[in-house]
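A.B. asks: With the input below, show me the fold.
(chains A, B and C)
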Amino acid sequence: MRNLLTPGRIAIVLFFVVAALLPFFVDARGHLLRVAAMVLLFAAVAQSWNIVGGLANQISLGHAAFFGIGAYTSTLLYLNLGITPWLGMFAGGVLAMVAAALLSLPTFRLKGHYFALATLAFAEVMRVIANSWAGLTGGPVGLTVPFAGSQPWLFAFRSVASYYWIILALLLAICLVFHLMATGAIGYRLRAVRENEQAAEVAGVDTFRVKLIASMVSAGLTAVCGTVFAQFTFFFDPDSIFSLSGISVRMAMIAIIGGLGTLGGPIVGALFLIPLEEYANAQLSSQIAGLSQFVFGVILVAAILIQPRGLMAFWPKRNATSTTQPSGDKE
Amino acid sequence: MIQALIDGILLGGVYGVIATGLSLVFGVLGVVNFAQAEFLMLGMYVAWFAWHYFGLDPLLGSVLSFVIVFGLGYVVQRTLISQVLKAPPSAQVFLTVGLMMAIENGALMLFGSDFRSVNVPYQMAGFRVMGLFVSAPYFYAFIAAVVLSILLWLFLERTWTGRAIRAVAQDAMAATLNGVDTNRTYGIAFGLGVALTAFGGAVILPYITVSPTVGQQFVVLMFTVVVLGGLGSVTGALVGGVVVGIVQSVSALFFPIQLQNFFLFIIFIAVLALRPQGLIKGA
Amino acid sequence: MTGDTILEADRIRVVFGGLTAVDEVSFTLRQGEIVGLIGPNGAGKTTLFNSLVGLQKLTSGQVRLMGQIVSGQRPHRLARLGMTKTFQNAALFPDMTVLENVMTAALLRSDLKQARMKAAQVLERLDLSPIADADVTDLTFPQKALVEMARALATEPKIVLLDEVMAALTPTEMDEVMGVIRSLRSEGLTFLVVEHHMRAIMSLSERLIAINFGRLIVDGAPAEVAAHPTVIEAYLGHGAAGESNHA
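C.D. replies: Numbers count the residues shown, from 1 in each chain, chains lettered A, B, ... in the order given. Below is the predicted model of the structure:
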């Protein structure tokens, strides 16, 4: 395994080391650590999306559905049955996986645009249901996650640093899943499906099953991120958690701008976009509503025009023959 | 019930025109324009300002909307969309999504988030026909939609440009060989597509209030209509529009308002699952 | 050299819209046969291939692989059962290397490590080892066709449908490939071959099936088929083009 220490790998390991040490150098009650935690959380969500958007090349514009399912499941289980969000997290994940499986049946045969459309519609349905089924979800008012001091077994901590490290661990785990999928047998199969579905079938790849697995894994992980988000931010409502531009597009954008289909892409994308948004919000948004989203829209358009393959494409092209590294840009 | 049917048809006609724009863009350029609903919003604002400052009735203002948005659309296509026509679907999807975000929030910044509506003399009026009430604004909007559809049909069938658009939609390469400037044609088709949607938005101003986010209510509706009628089919979009209009009206009799959209989604997904002709890969 | 029945095409019909692309075609292939499928362009050969491997839905008729009805099943299942095909324009996976392309097919029956080894073996067999690490986009057309064949072989098939593997090959290369096909046949593989090079297909096949307008014209020994009046008529005007380069 001579290729273990490629520059890309070193950078990623370095990133995790630095990230792990960050709370020691920064005011734990300060704004910066919160922002850093959000960066990591959105990197995690984007990486989950990357599994289906990057490895399987199924552009989903409805992942907010799974994000919201995660948040609502764990929070409702906690509020109504007292179940700890640590377990609720898994329940949310399973529910999301089931939803993804059901959604796959009618949508997998669809061409790229229509698939995006169908997923978008699904997230919208979730939003509408959450808004109207007030008896279950609390309706448009949203849900508040109660906080009664430090209760680690209930996923409640006093310091931001605790949440930060949990989120970092989550990101690490998701990156590992991504890496294993990208470099394992399923990685080859997904690449084949992505590049020529008919040829893949004829070569023995069960294209439907492979896409289904990617879809379910991605959905489950996204839901887990949703739970963590709920626990970290303490409040969410249907319009924000099932939001097309705020969640679905954001996570896709992060993955794409950073580099679709690459391991480091979501991390780079999040490091770039989230602080940018924070800055814009801090400086301008209070006066002008919509500015940050406008800027996002413009950035997205500009990014696509400049480099459809994402920021990661500016890295030296990976040696295509090494099979122990994550798949490169595949567009 | 018949009342609901009438309302549904009248509303549906307009939905049809709105969705036809989307269908046209897809049929000719092959791009699913996620920003389409934002042009609807722009059309509404143009007509609103025309009414507010010049007293122009939205039915006439809609022509202004059509023209202005056409120009805007043409420019957008030539500068932005054209760059991704040969790019992978993800690039196309995100370009139009980014455009959607930019336009919607741009409008938010320029116009503020207040809801604005018009006040026209016939707003609350209507006609009694055989014991049924036909709302005037619905009716006039429907007539306008019908007129535009006929004009569109004439344009596509009888004019050289219209035929060029249809030729490019079928086979761009062959069209080029026949002397068609495909770049210009794409620009015109896109401009036309978004202008149609803008027109549709303007004529319904008497009964829909405008705000920067008004597009969102129509996104799924538009896409449902187009999917029902078959992406790329203009007549399909018109028929689909009427069907959706009817479903919406009739379901309003039995279900609360939030769930109306839910039913549209069910139809949408059902169509995708059961009758996906033209939507399946490789087909 | 022939054994049990491997493939049976039973009155296959494929109709698209108003066009009948394949019209009641029936034939049988026995194990170890090399059968050529000939017909002018547009005769329905590729559609027939696609209907055999499951890429194309049959309007009516049946496909049976070793006695088992497989029509209507997805191609990957047929690959698992032992039938695969190559594509006319070498449908390789563009962002992978030659080895990776073949590995992906080998994954059907092995895990990742073994797949790599098996893929290397197949490449060796087709004399493609020197380009194992090349990006497929850098290959010449004949090379792509051979990699395509390697990928088909990596699924460890019992029967392979070859769609114009030898187009644009030099005579020496053609002889090599024919040699490989023959040696694979002696190991028990069966081949259904579409090829426009008349010389190649006549020398390779022990039986020819001729089709035109989707219909079976004649099915028999090469000399007999070549002399068949309808076959000659089908190629009249196409004849000269059929013999020369079809790159």
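A.B. asks: Quick check: bridge partners of A:L110?
C.D. replies: With DSSP bridges as the criterion, A:L110 is bridged to B:I280.
A.B. asks: I'd guessed it sits against B:V271; true?
C.D. replies: No. Using C-beta atoms under 8 Å as the test, A:L110 is too far from B:V271 to be in contact (11.2 Å). (C-beta placed from N, C-alpha, C; glycine too.)
A.B. asks: Quickly list what's touching both of these two.
C.D. replies: Overlap between the neighbourhoods of A:L110 and B:V271 is empty, taking contacts as C-beta atoms under 8 Å, 6 or more residues apart in numbering or on different chains.
A.B. asks: near chain A, which residues of chain C?
C.D. replies: For chain C, the contact set with chain A under C-beta under 8 Å from any C-beta of the partner chain comprises C:53-55, C:74-76, C:79-80, C:84-85, C:87, C:91-97, C:99-100, C:103-105, C:107-109, C:111-112, C:115-116, C:133, C:135, C:151-152, C:154-155.
A.B. asks: Let me know the pLDDT of B:G71.
C.D. replies: What the model reports as pLDDT for B:G71 is 93.
A.B. asks: what about it, how many neighbours?
C.D. replies: Neighbour count for B:G71, taken as other C-beta atoms under 10 Å in any protein chain shown: 12.
A.B. asks: Please identify the helix or strand for it.
C.D. replies: Secondary structure here is read from DSSP states H and E; on that basis B:G71 sits in helix B:58-79.
A.B. asks: where does the residue sitting nearest the centre point of chain C land on pLDDT?
C.D. replies: Among the residues of chain C, the smallest C-alpha distance to the mean C-alpha position (C-alpha atoms, centre = their mean) belongs to C:L162, namely 1.6 Å. According to the per-residue confidence, C:L162 scores 93 in pLDDT.
A.B. asks: dump the residue contacts of it.
C.D. replies: Contacts for C:L162 were tallied using C-beta under 8 Å, 6+ apart; they are C:K85, C:T86, C:M149, C:A152, C:I181, C:F191, C:L192, C:V193, C:V194, C:E195.
A.B. asks: Check A:A130 too.
C.D. replies: In this structure, A:A130 makes contact with A:G68, A:Y72, A:T137, A:G139, A:P238, A:I241, A:F242, judged by C-beta under 8 Å, 6+ apart.
A.B. asks: Helix or strand next in line after the helix or strand hosting the first one, which one?
C.D. replies: What it means is A:G68. With elements taken from DSSP H and E, the one containing A:G68 is helix A:64-81. Counting by DSSP H and E, the next helix or strand C-terminal to helix A:64-81 is helix A:85-107.
A.B. asks: Tell me how many other residues crowd the nearest residue to A:I129 once chain neighbours are set aside.
C.D. replies: Using C-beta to C-beta, 6 or more residues apart in numbering or on different chains and skipping the chain neighbours, the partner closest in space to A:I129 is B:F262 (7.0 Å). The local packing count at B:F262 equals 17, with neighbours defined by other C-beta under 10 Å.
A.B. asks: What score does B:F262 have for pLDDT?
C.D. replies: For B:F262, the model assigns a pLDDT of 73.
A.B. asks: and if you look at the one 3 residues further on?
C.D. replies: Model confidence at B:F265, given as pLDDT, is 75.
A.B. asks: So it lies in a helix, does it not?
C.D. replies: Yes. When classified by DSSP: H, G, I helix; E, B strand; the rest coil, B:F265 is found to be part of a helix.
A.B. asks: can you list the weak-confidence ranges in the stretch 151-283 of chain B?
C.D. replies: In the predicted model of the stretch 151-283 of chain B, residues B:231, B:257-258, B:261, B:273, B:275-283 satisfy pLDDT under 70.
A.B. asks: And the strands in chain A?
C.D. replies: Along chain A, the stretches classed as strands by DSSP state E are A:143-144, A:235-236.
A.B. asks: so where does the residue nearest to the centre of chain C fall, helix or strand?
C.D. replies: Per DSSP H and E, the secondary structure element for C:L162 is strand C:159-163.
A.B. asks: Next one: the closest residue to B:N178 other than its chain neighbours from B:S23, what distance?
C.D. replies: Sequence neighbours aside, B:A167 is the residue nearest to B:N178 in space, at 6.9 Å (criterion: C-beta to C-beta, 6+ apart). Look at B:A167 and B:S23: by C-beta to C-beta, to the nearest Å, they are 17 Å apart.
A.B. asks: Tell me which stretches of the stretch 51-200 of chain B form strands.
C.D. replies: In the stretch 51-200 of chain B, the strands defined using DSSP state E, counting those that start in this stretch lie at B:126-129, B:132-135.
A.B. asks: shaky segments in the chain?
C.D. replies: Answering for chain A, as no chain was given. Confidence mapping of chain A against pLDDT under 70 gives the ranges A:1-5, A:28, A:284-289, A:308-331.
A.B. asks: wait, chain C
C.D. replies: Counting by pLDDT under 70, chain C contains low-confidence ranges at C:1-2, C:236-247.
A.B. asks: I'm done for today, thanks for sticking with me.
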